[in-house]
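Visitor: Got a sequence here, can you model it:
(chains A, B, C and D)
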Amino acid sequence: MLSFSLIPIILTIIIAFAAPLLPISDPNRANLSVRYIPPLSEAFILGTDRQGNEVVHPERNPDLFPSSVVERYIPPVPKHYLLGGDSLGRDMLSRLIWGSRISLLIGIFANVAVVMISVFFGLLAGYLGGRVDGVIMRLVDVGLAFPGLLLALLILTVLGPSVINMAIAVILSSVPLNIRFFRGQVLTVRNAKYVEAARLLGYNNLRIMFREVLPNVMPLVITVTALNATSFFIFTAGFSLIGMGLKPPDPDWGTIMSDGLRALYEAPAVILGPTILISVLAVCFNVLGDEVQKILSPRESQL
Amino acid sequence: MSVAAATEPVLAVRDLHTHFFTKTGTVRAVNGVSFSIYPGEIVGLVGESGCGKSVTAMSILGLVDAPGRVVNGTIAFDGRDMRKMSGGQLRRVRGHEIAMIFQNPIGALNPVFSVGRQLVEAIRTHQRVSRREAYRQAVGLLERVGIPDPEQRLPQYPHQFSGGMAQRVVIAMALANRPKLLIADEPTTALDVTIQAQIIDLLAELNQEFGMAVLHITHNMALVAESCARTIVMYGGKIAESGQTDVVFDDPKHPYTQALLGSVPDLDQPEQIIDPLEGFPPDITREWTGCEFEPRCSQRFEQCSVENPLLREVAAGHAVRCHLYPAAS
Amino acid sequence: MILRSGAAAVAGGVGAAALAACGEAEVVEKTVTVTVTEVKEVVKEVPVETVVTKEVVKEVPVETVVTKEVIKEVPVVEVREVEVEKVVTQEKVVEVEVEKVVTQEKVVEVMAENPKADSLVIALPVTQRVDDLDGSQVYEFQTKIHAFSTSESLLLYDYQTQTLKPRLAESWEVAPDATSVTFTLREGVTWHNGDPFTPEDVVFNFNRIFRDDDPYHAEGTFYYNGFAQPFYDSTEVLDARTVRVNLNKPDALAAEKFGALDSSYMAHPPSVMEHGNREYSTDPDKYVGTGPYIPVELRPAELVRMVRNENWWGPKPDFDELIFRLFPGGSAGADARVNALLAGEVDVALYTPATRRNDLFRAPGIGAKWYPNFVLVYFYINHTFPLFQDHRVRQAVARSFDRVSYHEATSGPTVVPWGRFWFPGSPYLNDSAELDYDPAQVESLMQDAGFSKGGDGVWANGDMRAEFKIQYRGDPGSPPDQETFWMQGLNDLGFSVELEAWDPAIGADFENGPYAQQNLHVGGWGVGVFLGDPAFAYQRWTAGDDFARSYMDNAEMNQLYQDILVEADAANRTAKVHRMQEIAAEQVAWIPNTVATLGAAWREEKVTNVTSGATQYSYPWLYKVAPV
Amino acid sequence: MSRYIARRLLSIIPLLIAVSIIVFAMSKALPGDPVEIFLRQADISNPEIVAAMKDKYGLNDPLPNQYWTWLTLMFRGDMGESILRGEPVAELLFRGMRNTFSVATASVVLVVVVGWTMGVVAAVVHNRGWHQAITRFLAQAPVLMLSIPGFGIAVFMVLAFGVTLGWLPTSGVSNPRSGEDDILDLAKHLILPTIGLALASVGGNWRLARNTMIEILREDYIRMAHAKGLPLWRVYFVHGLRTTLVPLLTSAGLLFGSLLTGSFILEYIFAWPGIGLMMVESTVSRDVPVVMGGTMLIAIMYLFINLVVDILYAFVDPRVRYA
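Guide: Below is the predicted model:
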């Protein structure tokens, strides 16, 4: 099960990193004559138009063929569109692959940042308690009073759309909830016998927090990270949808989804691509979280 | 209880096998256990942790959780085979004819319901009485198990009770329907020593008063000696030795029983050197060709690693599973 | 007619009011000659035991009436409804309305047979003020559609023929010096509550709309009155049927502005005074208008329901009930509108998206109607940006956008690019075909301007590189496809262009704002129909639009504008406009990108091509429901 | 109990003040001047008009004064007028909130009824060692529900049940041909948006209920309940679920809060006139009064829902009540 869920994740990461090396076309090159061409299509290229774009055979794609663009005739050359074309006839396969770079950046790296920050403050608040706990939790309460999406929307509006700002918005809006969660977990571990033992041994608080308490909340940290990954994918897609995501024409999965949302009925393949990818990865992350938790927590592994 | 009535056992367990089918292998928690309990009798089931005594109790009530399953044997209660009963029939027996009390009394009470509600629920599940009547009975029960101010205690929640008081509540709940058999699974382990004695005394009293049989599961030899008429010693999912308590304690045959008794400090002989048992409980995920106790046994010989001994009667009512005692002689 | 639900109630109410107004008016029984204009059979099958006949005589300002009503004895098993429209005697007009009241149960039975009656549900996109019933207070074009069924202006501008037509006013006359305009009001117009429509009402409304200091001025809601307000001086009643609007400076377009401008719709003075502008416009119970339909229910963001105004001055409005179902505007509600149409929940869907054209064309029973409505997207060019100070560079940029290909590919048959946008003869602008996509022309224009391609293939002239950004507007659900495509075209032709999200909050202040050093942006879009006169359009520039600034220093342009305002001769005006176009084509302040869109789609089996009554004014693309 | 509620209520006040300060500060940090944006949209750039409008909206006062004016007005229910829509913000928000509330409530009900029940069933099946395939399915199905974006399902449902089969309405909150506010009509319109909106949360709660319940089924009091001979449904749904409620309530409270704004994609697909899309549109077009009022309103609702959840904790778990 573990490797089963790891393979797609690792594969996606590898493909994302290798995107510049792969023999795929420019993800931003528009070619209107293959606008919304369905997946697995083979377009017969007649020649190039005045903008240097390939023009496909009219009989192959009569609906999409603009009459005015062909200037000269060249014998047809087939070209494959494995995942079809989008609203501007950009190659969906290429866009999905390039888009994975940014989606993974948010889904994994922003996620790691969220978890690191949350675990740190959760540990501080939960373990130290007292005034530290009071201050942290009051701030968390204020943060929690804004639903995450609204907070992120406001942050993005103030900062303007970009990858970094989107990451900041995602981090700031999901940290309060995570801190509260981890604090709760730390509280259950704090009074455990082994923690008391460590205290009696005279270890300092930092050591106890990170050597005794942290390992014991680790299974949950991993589960939460996996769950966060899913929601972050969908979260960023939502922002791209309302035009607050990335700078076009660079693709991320959310941008592609928002592109597809306009053509849900005409070209469902556009939105299906990233949706399926996100779903598969989300399932993988969920399963991964469960499996890791089973391995790390002995009680589960008996079953 | 008259001895004449005691000829039919209230519970007869024959060749009980309960196995847990885990990913790492089959755990043979109970592996061929047979014993009987007669009406009004207190039987002690002893052994170290993981020997299968609790699983035996759960098997009797049909409460073994997945991945565990009773794979073989018969459990005859009052002449009826519990294993052949439907779920509904089983539930009519549970709590009504066979009651059970647990090691951790606070944990055995649902923290979100008041004690009264849980008692009333126990009564009304098996008796067609009004809520008011059940409540009245609950007050009587609490009084009987020695809880002062029962009227005030009933609306309270489990976390407001001390361990001993909670165990009394659990006992009251078990007694609610006057069961024929009470299975007490380590009823005193989680309690202070002084409370332990009170609970044991209470159980003995109730045994006298209601005439119910008690299966007392414990790892505490001293408690068994104190309260039980008969003792069954379990090791590795099997019965190592069984017999009248005084016989077993005075003349332990099985090396394991001897070792157990040897590790109990005797208050009369403060200078005695305690001789704890070396080694670990057996790996019961594998089928033993030899004796399960062989690796830890101080009196082992060749046969012990070759052949699994059978439970044999060495004297009337005294059976031992050990190659040292080849046959009744 | 009385067998139908909503209309019956209204008719009853009006009848009662008429009776009351007549006071002692006799019900004349026997002796009059009557012209029966229409005999309509309403119910055939339902046997009726008792028929109560009630006669209502409306408006009898006659001393000696020699009227006789002839009502044929109706057999008890057959009910006929006789509608007597006008009875003409020698001098006097008597209106007689005859109603037959059928017993209650029978009405219910008939209702059950035809529950939908004659209703039309229109899917309407709205983005902003969703709940105005008063035409003078509506904000955006799409929302006006329902407000224009309830309220009316003095005149109507027919954009298809580009002429003015009478509405509440029968005729109009602009003074020769263009300093006043006189309207002659239609006779017999009443408000929904029965009050007569008077010249005083016009005075009240014009003051309310065009004077900031009027106590009933609805601040900030009169979107379009900026065009007329600077010219307005006063309104005076000349006689019982005429009013005159006096201007403070000459304006050849006074009739269009004050008669047909969107903001000059008439509101009922007593109601406005009693309830205030907002309550009046948003509460159907408080609203009183003159329009062909009377609002009965308004649920913001949900629907507006109206019933036929039986006393409307024009031909009988088509529908018993008109329902505007409100959808979110923009692309948000577009798919939902099409879905609702496909599912049969609405009869007409306006502004259907191009991406659903195949769904609509392929669905059985769905028809599509061209409505010559246009969408335009301006690309503004920042003249203060050094690169764009040369008009040849501006022209080159304009010519690098292959609009024709883009619209043909993206919108297909539902949307066509208009080479000439606006209407014929508008300075707003030139024939954009002149600035159509032309790489060769781009090349020569850039070379003329002293640019040459550097090593990286980008045009450069000394230190100045052909490098700029296109600001696009990040609206929900609309990625900047056009800008992306255009950017690619520009980059292919030797410009170095990037996209940048344009924050609407920062705006397009090219001289001082954050984008002063940047350069091209999408200026927003417009849908709709504006007044057709070129001078009017030119005025819009001078009202302070950003893209017009670059022309403000042009003396000839300003002189032409002044001339046009007082030029009464249409041919001369057109000639002057053409000269303005030439100047504008040279300047290229912005790149028009206009398309005509598919206006509506509806279910064919229910809708036939019969335009009549009110609908022809308010929404010419709406058609009457015919029995299936 | 009432003291507990009072204490919780009081603890909200400082939070509200903090939230209001943040909302106010954020509205000031938003780029652009709302009046200028509005006027620009109306093609007006006359500086006198701009100044007059600013005066009218009090934008020339010192910041603390502006904050205080805003706060006092808001607590009197006056959140100003929408710059974009010209409507009183309170009315606008009330309308959006009412529509969002209905679909959010329906979603929470669906989550509770389906998600929690299936979670308990899945845990029981796991506990009783049913056939592997069933156990696996009940364990993995929620993961799938959690992973597929709800709007994909929503679009499919619109096409299938609305357009093709015609069983359910495709969009909107009411059928315009039915005259009155019909509760049945509303229910029909709620079905598809609710499923689309709640699907992921049903999966999440199913999973959470299953995991918590598996833990709880190992507790002694569940054995005790069995040993008492209680009927199975009583053991699982009374003794089991009742103790599972604390984490589930937390999750339901959070869900309700996130639905208040998180539903804008579904609102987009179903043309649902809720507050999510309204807030997004207002933020994008800088309709600051709506953004401020809406954010405050949502924050207050959110705090209120959390308060309700906290009070429910006390009802569900006596240990909280007596702590």
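Visitor: When you work out contacts or count neighbours from here on, use the C-alpha atoms and nothing else.
Guide: Noted.
Visitor: How about residue D:81, nearest residue that isn't a chain neighbour?
Guide: residue D:88 (4.2 Å; Cα to Cα, 6 or more residues apart in numbering or on different chains).
Visitor: What separation do you get for the one you found and chain A?
Guide: In this view, residue D:88 and chain A are 21 Å apart by Cα to the nearest Cα, to the nearest Å.
Visitor: Now find how far off-centre stretch A:11-30 is within its chain.
Guide: 17 Å (Cα atoms, centre = their mean, to the nearest Å).
Visitor: what mean pLDDT does that stretch have?
Guide: Averaging pLDDT along stretch A:11-30 gives 88.
Visitor: number of nearby residues for the residue nearest to residue D:81?
Guide: 16 (other Cα atoms under 10 Å in any protein chain shown).
Visitor: contacting residues for it?
Guide: Counting by Cα atoms under 8 Å, 6 or more residues apart in numbering or on different chains, residue D:88 touches D:78-82.
Visitor: Of these, select the buried ones using a ChimeraX command.
Guide: In ChimeraX, this line selects whichever of the contacts of residue D:88 come out buried by 16 or more other Cα atoms under 10 Å in any protein chain shown:
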select /D:78,79,80,81,82
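Visitor: CSV please, covering the contacts of residue D:88 and showing pLDDT and secondary structure.
Guide: Formatted as CSV, those follow (pLDDT from 0 to 100; DSSP: H, G, I helix; E, B strand; the rest coil):
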residue, pLDDT, secondary structure
D:78, 79, coil
D:79, 78, coil
D:80, 76, coil
D:81, 75, strand
D:82, 76, coil
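Visitor: which of the contacts of residue D:88 lies closest to residue B:263?
Guide: Distance to residue B:263, by Cα to Cα, is smallest for residue D:79 among the contacts of residue D:88, at 79.5 Å.
Visitor: That closest one and residue D:69 touch, don't they?
Guide: No. Here residue D:79 lies out of contact with residue D:69, judged by Cα atoms under 8 Å, at a distance of 10.4 Å.
Visitor: Now for residue 292: which residues touch it?
Guide: No chain in the question, so chain A it is. A:2, A:219, A:222-223.
Visitor: if you could check chain B rather than the one you did, that'd help
Guide: Going by Cα under 8 Å, 6+ apart, the list of residues near residue B:292 reads B:235-236, B:282, B:308.
Visitor: In terms of helices and strands, where is the closest residue to residue D:250 other than its chain neighbours?
Guide: Distances taken as Cα to Cα, 6+ apart place residue D:309 nearest to residue D:250, at 6.7 Å, with adjacent residues excluded. Assigned by DSSP states H and E, residue D:309 falls within helix D:288-316.
Visitor: what pLDDT does residue 270 get?
Guide: Going with chain A. 88.
Visitor: that answer is for a different chain, and I need it for chain C
Guide: Residue C:270 is given a pLDDT of 93.
Visitor: Mind giving me the packing neighbours of the helix or strand harbouring it?
Guide: Element membership for residue C:270, per DSSP H and E: helix C:269-275. When contacts are defined as 3 or more Cα pairs under 8 Å, 6 or more residues apart in numbering or on different chains; DSSP states H and E, helix C:269-275 packs onto helix C:199-210.
Visitor: Now do the helix it packs on: which elements does it pack against?
Guide: So helix C:199-210, by 3+ Cα pairs under 8 Å, 6+ apart, packs with strand C:232-237, strand C:242-247, helix C:269-275.
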